[in-house]
Every structure is written in C-alpha cells, then in structure tokens.
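Got a sequence here, can you build the structure:
(chains A, B, C, D, E and F)
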There are 6 protein chains.
Amino acid sequence: MSTVAPVDTVPADARVQAVFADIRAKRGSDFINHFWRYLAFDPALLESTWAEVKRVMATPSALDPLTKEMLYIAVSVANGCGYCVHSHTAAARAKGMTPAQHAELLSIIGLAARTNHLATALQVPVDEVFDHDCGVA
Amino acid sequence: MSTVAPVDTVPADARVQAVFADIRAKRGSDFINHFWRYLAFDPALLESTWAEVKRVMATPSALDPLTKEMLYIAVSVANGCGYCVHSHTAAARAKGMTPAQHAELLSIIGLAARTNHLATALQVPVDEVFDHDCGVA
Amino acid sequence: MSTVAPVDTVPADARVQAVFADIRAKRGSDFINHFWRYLAFDPALLESTWAEVKRVMATPSALDPLTKEMLYIAVSVANGCGYCVHSHTAAARAKGMTPAQHAELLSIIGLAARTNHLATALQVPVDEVFDHDCGVA
Amino acid sequence: MSTVAPVDTVPADARVQAVFADIRAKRGSDFINHFWRYLAFDPALLESTWAEVKRVMATPSALDPLTKEMLYIAVSVANGCGYCVHSHTAAARAKGMTPAQHAELLSIIGLAARTNHLATALQVPVDEVFDHDCGVA
Amino acid sequence: MSTVAPVDTVPADARVQAVFADIRAKRGSDFINHFWRYLAFDPALLESTWAEVKRVMATPSALDPLTKEMLYIAVSVANGCGYCVHSHTAAARAKGMTPAQHAELLSIIGLAARTNHLATALQVPVDEVFDHDCGVA
Amino acid sequence: MSTVAPVDTVPADARVQAVFADIRAKRGSDFINHFWRYLAFDPALLESTWAEVKRVMATPSALDPLTKEMLYIAVSVANGCGYCVHSHTAAARAKGMTPAQHAELLSIIGLAARTNHLATALQVPVDEVFDHDCGVA
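A predicted model of the protein is given here:
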C-alpha cells in the first residue's frame, strides 16, 4: 500500500534514468530501493532529494559514514518513520555497525526519549550557562 | 516557569544529596544543572533516571562519548525538547564537538527529517531486502 | 490488525446507522471507509467525530475543499498517521489534486520538516516583529 | 509572544461573552486562562473547542476527573505542548494529584517514551494475539 | 519485517533465559510477546528495559494498574508506536478496561491532541498562575 | 537563549553576505530574520537551506503563495516548532491570510490532530481502495 505508484527500475523518463544511474554508480550496486522508485513519480522532487542525500551523506566530511547513518536512524526513530528505520539500519550494518553498537544506539535513543519527556513534563527552564547566544539587537 | 519547584543545590533530602554528590564526582564539577534539581522533587525518580544516564552515557562502551552526545541531540531535536537540545549541545561542545561537526550534525538531522516526512507521505513499502527477521512462529 | 473490531457496513445500532446514512448522503456514495467502521465501536465517539469532520471539512468556507484536504495531509504526515495519509491523499485526488500539486505539497512538507528541525536544533529566539500579542495583564 | 492578540477578560463580542460566562460558571471561578482568551480571536473556534472540552472533561463519566487530567498531561507531554503541560498539571493538582502520583505519572510517561522508541527502532511485528479485529470484507 | 532477528521463546543465552523466566513468573503465563523476543538480541538491553518495566508497571503504587496501562496507551498513541498501542490496549483489557472506558480514553486523547495543536498554533503564553517554580538562582 | 551565536546583519563572511543580499533582494526588504542569522554560523548550511527555501517557496508553481504558507504552518504546528509557527504565520498574513482563513486553518489542524490520534489508537487498517500502488516486484 502506498499513495503513489512506483516507477520501474528501468524508468522511461530521462531525468529519472539519470538519477537512478547516479545512485547505482555512487553505491556500486544495481539495486534501487523503493524510496527512490516511489519518489520518482515527480522527477524534480527525485532530483532535489537525491542531490541533498548525496551531498550530505556520500561526501567525505567531518563525521565518519557510520556515525552519519546512526544519526539518521536516531532521527528516523524519533520521527516514527518505519521505512527510514529499516533502510538506514541496513545501511549502518553495511558500513560496519556491530550488534554491540546497534544495542548501544538503541540504549541512547531510549534514554534520550525518556529524559526528553521528563524535561518536557517538568518544563525545566534552560540553565543560563547553556546559552551560546551573544545577543541579538 | 515550570511544573514543580526545584530542589536547592544543597538539598535537605539524604537520597537527593547522594545523587547530587555522585553527579558532581562523575563530572568533576560542582555544577548541578536544572534538570536534576527539578527531577529531585521525587528522590526515587531522580535516582532511577541518574542511574540510567550514568550507565548509558558515562560508561566506556562501543561508541565514543562525542558520538553519544550527538545521537542524544538528534533524538532531542526530533522530539522537540528545547532543554535537552541546549544541555546536550553544551555537553557535546565540552567533549570536543567542532563547529564543522555541529553543522554537519544539523545537516543530517534536517535531511533525515525531510526524507522521514517524504517516506511517510508516500507510504513507501519496506523493501524485502531490509528485513532482518528470521520469522516468528 | 486493529485494537477494536469493526462494525458492519449495515450496522445494528440505530445511532451508528444514522451516522453511516449521513456519511453516505453527504458523500453521494455507498462506501463507508474503515475509519468510521472502527470508530463505530462507540456510537457517541462516532457521532461527535463525524459532526466535527462534517462541520470543518464539508461546509463551504474561507478555504476551498482541495486546500483543506492538502492541509489535512500535511498534518497527518507530520503526525505519522499512515491511515490518514492514505485516506486524505485519496480524498485530495478525488477533489482534483494533480500530480504536480501532489509533488509540490510533498516538497513543502519536506522543506518545513527540515527547517522545523533546524530551528529547534538552533533554538532560535522568536523575532519581536513576529509577535502579534498586544499584551496580557 | 503569540500569533494572535488575546481577547480581554471582559470581551466585547457576545458569543465570546457567553462562552467566558459558561467557563466561569462551570469552574466556579472568575479566572479565564490564556488559552481561551487567545482562541477567542475566532468566536466559532472558541465555541466548538469549549463545547468539546466541556463534554469530554467536565461531564461525569466512566473515568474519574483526576485520571482524565493525568491522561491529558500524558498526551500533552508526548506532543510537546508546554502550555498544555502547565495548565493540565495545575488542573490535576487542583483535583487532588499528590506529589507521589505526579512522580509516578512522570515515571510511566518516561518509560512509555523509552519503549515506544525501542519498539519503533526494532520495528517489532505485532503479535497475532493482540489483534482485536474480526475481519473486514 | 523487523530490524533484528527475534530470539527463540526457549533462548540459548542464560541472561535472556533468566529475564524470560521472570516475565513468565511475574505474569503467571508462559507467553512471551514479540517486544521482549526482539529486544533480546542484546541481553543487557533486555535486562535494563525489563527491570524498569517491572519497577514502574508491576509494583503496587500510588496509581492503580488499569490507570497505568491507560496512561501508557495515551503516550504510545501520541508517539505513534503501533506495536505499543496494540500491546498496552490488550494489557488494559486484561486489567478490566471496559468498552466505555476505552471510548472515553480515546475521546480524551483526541481532545488533548486537538488542543495541543491549537495552543501550539497560537503560541499561547503560559499563565503566571500555572507556574510552580519558586525560582532558581 | 540559543545553541549558537547569531551572525551580524552586516556579516563579515563573503558567502553569508551573498545569501543575505539574495534574501533581501528576493523579499524586497532589508530585514533578515533570526533563523538566517543563526543558521549562518555555517555558511554552507545557510546556502543549501536558503537555496531550497527559495526554490520551493519563492518560485511560481502549482500552488499559490498563501496556500504554501498555510501548509508550512500546518507542518510546523504538528512538529511543534514555535519559531516556525511564528515566522510563517507572519508570512501568511503578509500574503493576505484573513482572520477567517487563519481560524479555519486552525480548525483543520485541530481536527486532523484529533483523527490522526484516533486512527492510531484504533490501528485502523488501510482500505484497499486507498492504495495507489501498482505493485513492486
């Protein structure tokens, strides 16, 4: 069940073809996962989303690839996106996440959720010392 | 504004005293941030929460301390907890988070939020290949 | 899988019958979608919910019917309600939403999610100029 | 800071006057809290919201008044509504919530948040035995 | 579909065996629901989660067992955890929740969600009288 | 209070200068709201976010500018972003949103929140007729 029909893995649209080819090249695999096939119902939406994913996730940067995937999982769990939890857990495993790291990731997510809710329930005022703001006129 | 009154930094209750002393010892600082002072309205709630935070966050483990703080920030942002975003951003900085890492953390959080919402809007079915389940009788 | 049993499309309860008849009359269709059949486990809950849906969504008003459905989708995506995303996307299509409008709706939802998370991560203080409050004594 | 201007406690609009009078009568107090004064920018929105609050919260029913307020707090915390957490915590206290009950409420909220996130992270399939659905044709 | 493989109901790991035995003893039933079997991929995570659930939910306390389950449902619905909604609705029924109580629980959850969103949309400032804070230096 | 320091409205960094100049040109106003000044702590993050906002929100498209702002508000409310609710409510007013449209927007957001929570609480299965999926091999 979905809200749009998926595009074929060998798409008719030239712009979709180009993005799928870039996904395959970047990943070194012929596989195109569902997210991209459904998003491809609109070539412009597919292009801008893939461009951002490539820029943020597939470019060497200040954080290592596994840490990036675990951060992605953390946000996806808190936002309740089942598809994203599945796809990024698979991606984290492919980048070397061990069962011990997976368990620890889940411990942190569970703990943060707990204290997030406690702080909200108490409406704790922010300590002055945590402010990084130098003032706005 | 808060929903309970904070406990003094020099608390009267012996159980609260013990937790505050442990927080100070573990952190090597006299400072007790608001979260603990408000949570201390109930000594048992304070004890169990601190025990879990200490176990998960302050024990050497499969993930390094800075990665743990960044994961905490990611969950706290997605859950909309302003206090937690403030306190864990400060903690991440204290553990060495650079401005470049902070910016990248935010890029990943923003990107994940975007694709989380897109996957939910499309109701993308999970690819079989992402399943790690060996079956439940 | 659900947490209550659905009521039949030809319900035994007179109050449920009346609501189902009104839904059919208002929509000009015999079809009763699952939401109402499950909600009907409690006639009073069914009645008050349908009354509100009819009042807000099916009465000529300051916003056109398609805009209303798209707003409904936007909230439902952000709240992670898969059922609602499905039913209101179908309703928006029935009211004329084009694929281009659907894609643009998703672009806005994705962008808003991204900047929502960024503003929360930065804890940006609200600009004075955005305040519409004339003061509360 | 708010997005609309509040209506005065002695409102000019007759419909707003009537709702404010009913709130005061129902509560046996002259105080009108901000929520109603801001919502009153639109008399129809004020009327329908107050009617629903009165029907659900202020009518003798299957759940006692304190339990209802604690459920309201639980939802408000999970939805991150600071105003609602404040107002309903005050209401629960006015209805007799003890510090011990408040602490236990927070423990349950924190625990549920933790296991909610864990179940989402694991994408645990629902046990057949939990299904209450008798089938939909 | 899940992100880890479930552990057998007759687990090989001694720590998992001990937790499963405790769950069975505490509940007076041989049944182990999926949540625990999936969480058991990491014995330490299983142990700490079960210990907290037992402490909060299965210990005589200031709130009765049915109220606790309904609070759990309220949080789980707001957090969008389908599994938790299923398992705790079943648990609430087992503890005597009537259809009338279930319907009222849903009415309160729905109403709170509505006013949570309204208060957020209006950005209503918290009334001074709701503050329980005695000041933090 | 914020987690980073804001950049001055006359920024030193050339890339930030360029983005601020483009914001001013696009809007025909000298005013730079806080979001951009805080995001500017990282020029690349500022550039990519502004580029996306400009592309989605400030380009003539299938949806009119006011509808787009109201959709932005809807998502921001559901995600609990106070800053975004403020800034986009101001933007919607600037684009002509009347008090009647604002009230109706809030009615729809409140109603959707209510039925989102009800559908999640009931775990309503999606009707086959809502599926737009043509099948994925």
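
and the helix ranked longest in chain A, average pLDDT?
Longest helix in chain A, counting residues (DSSP state H): helix A:99-122. Helix A:99-122 shows a mean pLDDT of 98.

and that helix with helix D:99-122, angle?
Counting by axes from the mean of the first three to the mean of the last three CA atoms, to 10 degrees, helix A:99-122 points 140 degrees away from the direction of helix D:99-122.

Could you see whether chain C lies near helix A:99-122?
No. Using CB under 8 Å from any CB of the partner chain, helix A:99-122 never reaches chain C; the gap is at least 11.6 Å. Just so you know, the C-beta spots here come from the backbone N, C-alpha and C atoms, and that holds for glycine as well.

ok, is that helix in contact with chain D or not?
Yes. For helix A:99-122, a contact with chain D is found by CB under 8 Å from any CB, at A:105-106, A:109-111, A:113-118, A:120-122.

Within reach of chain E, which of those residues are there?
A:106, A:110, A:117.

residues near the first one, how many?
Read that as A:L106. Per other CB atoms under 10 Å in any protein chain shown, the neighbour tally for A:L106 reads 25.

How about the second one?
Summarising burial for A:G110: neighbours were counted as other CB under 10 Å, giving 27.

give me every residue that touches the residue nearest the centre of chain A.
By CA atoms, centre = their mean, chain A has its centre lying nearest to A:Y72, at 4.0 Å. By CB atoms under 8 Å, 6 or more residues apart in numbering or on different chains, the contact list for A:Y72 reads A:57, A:84, A:88, A:91, B:108, B:111-112.

Take these and write them to CSV, including neighbour count.
Shown next, in CSV, are the contacts of A:Y72 (neighbours: other CB atoms under 10 Å in any protein chain shown):
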residue, neighbour count
A:M57, 19
A:C84, 25
A:H88, 26
A:A91, 21
B:I108, 25
B:L111, 25
B:A112, 31
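
For chain A, which residues score under the pLDDT cut-off?
Scanning chain A for pLDDT under 70 picks out the ranges A:133-137.

mind giving me the domain split of it?
A:1-59, A:61-122 (automatic domain parsing).

Please compute how far the first one lies from its chain's middle.
In other words, domain A:1-59. 15 Å (CA atoms, centre = their mean, to the nearest Å).

and if you look at the longest one?
Here the centre of domain A:61-122 is set off from its chain's centre by 10 Å, with CA atoms, centre = their mean.

Quick one: end-to-end length of that domain, please.
End-to-end distance of domain A:61-122 (CA to CA, to the nearest Å): 38 Å.

of all the domains of chain A, which gets the most neighbours per residue?
Stretch with highest mean neighbour count among the domains of chain A: domain A:61-122 (a mean of 23; mean count of other CB atoms under 10 Å in any protein chain shown).

A:R37: what's its closest spatial neighbour, skipping adjacent residues?
A:P6 (4.1 Å; CB to CB, 6 or more residues apart in numbering or on different chains).

correct me, but that neighbour touches A:F35?
No. Under the criterion of CB atoms under 8 Å, A:P6 is not in contact with A:F35, lying 9.8 Å apart.

what about whichever residue of chain A sits closest to chain C, distance to F:A62?
Closest contact between chain A and chain C, by CB to the nearest CB, is at A:D42 (3.4 Å). To F:A62, A:D42 is 11 Å away according to CB to CB, to the nearest Å.

Look up how far D:K68 lies from the residue nearest to A:E52 when sequence neighbours are not counted.
In space, A:E52 comes closest to B:L111 once its chain neighbours are excluded; the distance is 5.8 Å by CB to CB, 6+ apart. Separation of B:L111 from D:K68 (CB to CB) stands at 40 Å.

How about A:K95?
Counting by CB to CB, the gap from A:K95 to D:K68 is 48 Å.

Next: A:R93.
Noted for A:R93: a distance of 45 Å to D:K68, by CB to CB.

Now for A:G80: which residues touch it?
B:116, B:120, C:80, D:120, E:79-81.

of all those residues, which comes closest to B:H132?
Closest approach to B:H132 among the contacts of A:G80 (CB to CB): D:T120, at 14.8 Å.

So the closest one is in contact with A:V77, correct?
Yes. Proximity of D:T120 to A:V77 meets the contact threshold set by CB under 8 Å, at 5.1 Å.
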